[in-house]
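Asker: model this:
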Amino acid sequence: MTIPEGKKIYFSSDNHLGAPTQKESRLREKKFVQWLDEIKEDAAAIFLLGDLFDFWFEYKHVVPKGFVRTLGKLAEIKDSGIPVYFFVGNHDLWMNNYFEEELNIPVFHKPKEFEFNNKTFLIGHGDGLGPGDHGYKRMKKVFTNPLSKWLYRWLHPDLGVPLAQYFSVKNKMISGEEDQEFLGEDKEWLIQYCRRKLEKKHYDYFLFGHRHLPLEFQLTEKSMYINTGDWINYYTYAVFDGKDLTLEKL
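Answerer: A predicted model of the protein is given here:
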C-alpha cells in the first residue's frame, strides 16, 4: 500500500468492550467511537489489533448484543472506502465470519506482513508469541479446537455469554486492577519473538497489542517494536504517517 500525501494509518488494540461492567464499558466505547470519527478524516487505513471485545462468540445466528455504536461506526468507515483490518485477540478469538460478511472487514487469526511506503511491518495481536506462557498456549489450543467451539455453541447464549464474561473480568490485568510494568527485554516475550523473527528476515516495524502497556522499543538501528497499549488505562494508539511510526495518546 502506498500512503497518499497527508494520509495516515492508525493502529489500536485492547478496548475490552463489555468489561468490567456495561456502564464503565459504555464510557470507553463512546471515546473510541469519537476517536474513529476524528481519524476517518485522514485515515488511509485502520488496523484493530485484537481484544476489541472482552468476549465475543459467534453462534450460528447470534452474536453478543451491544456495541452497536462501535459496529455502526466501523461499518460507516468501511462503506466510505477506508480499509479496516481486524486481528483476533485472546478474548475475541472465537470470531468467525461476522465481520467479513456484515462489515466487509477482513479478519486475521495470525500475525501478517504488510508493506507501506516501502516499510515492512509485522502486525498481530501478540498472544502466545515468543518463549514462555506455556499454560496459556496449551489453553489456546483447547479453546480454538473445533470440538471445543462446537460444544460451547450448545450452551444457550443467556448462559454462555455471561459465564464467559464473568471469568474474563476475573482477570486482574483486563479489569485494570493491576499496574503494568516493563519487565526488561529479557522477560518481555514479544521482544524475544521480534528478535527471533529478525534472525530470518528484516522488518522495519513490529506492531502488537495484548500487553496492555504502551511500548516503543528499538530492536536494532533499523527495526522497532511498538505495543499499542490499551483503552482501559492508557488510551494509546500508533500512527504511521508514511515515514515514521509513533505512539500517540488520546
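
Asker: residue boundaries of the strands in this protein?
Answerer: Under the criterion DSSP state E, strands of the chain are mapped to 8-12, 43-48, 84-87, 107-108, 112-116, 119-123, 205-208, 214-220, 223-228, 236-240, 245-249.

Asker: list of residues touching the fifth one?
Answerer: By CB atoms under 8 Å, 6 or more residues apart in numbering, the list of residues contacting strand 112-116 from outside reads 1-3, 9, 87, 120-124, 203, 240, 242. Heads up, the C-betas are built off the backbone N, CA and C, glycines and all.

Asker: check the residues you listed against Asn104 and report the nearest one.
Answerer: Nearest to Asn104 among the contacts of strand 112-116, counting by CB to CB, is Phe87 at 16.3 Å.

Asker: just how off-centre is stretch 120-136 within its chain?
Answerer: Distance of stretch 120-136 from the chain centroid (CA atoms, centre = their mean, to the nearest Å) equals 12 Å.

Asker: can you check the pLDDT for Phe55?
Answerer: With respect to pLDDT, Phe55 scores 86.

Asker: wait, it sits on His91?
Answerer: Yes: counting by CB atoms under 8 Å, Phe55 touches His91, with 6.0 Å between them.

Asker: quick revisit: are any of the contacts of strand 112-116 buried, and if so which?
Answerer: Buried subset of those (neighbour count, 16 or more other CB atoms under 10 Å): 3, 9, 87, 121-124, 203, 240, 242.

Asker: so which of those is the closest to Leu213?
Answerer: Nearest member of these to Leu213, counting by CB to CB, is Gly124, at 16.3 Å.

Asker: buried residues, the longest helix seen in the chain. List them.
Answerer: Determined from DSSP state H, the single longest helix within the chain is helix 22-39. Across helix 22-39, burial judged by 16+ other CB under 10 Å covers 25, 28-29, 32-33, 35-36, 39.

Asker: quick one, what contacts the residue nearest to Leu213 when sequence neighbours are not counted?
Answerer: Spatial nearest neighbour of Leu213, excluding adjacent residues (CB to CB, 6 or more residues apart in numbering): Gln180 at 4.1 Å. For Gln180, the contact set (CB under 8 Å, 6+ apart) comprises 173, 211-213, 233.

Asker: do that again at 10 Å, thanks
Answerer: Contact analysis of Gln180 by CB atoms under 10 Å, 6 or more residues apart in numbering lists 173, 211-215, 229-230, 233-234.

Asker: just the buried residues of those.
Answerer: So, of the contacts of Gln180, 173, 211-215, 229-230, 234 end up buried under the neighbour-count rule (16+ other CB under 10 Å).

Asker: who's more crowded, Phe55 and His91?
Answerer: More crowded of Phe55 and His91, by other CB atoms under 10 Å: His91, with 27 against 23.
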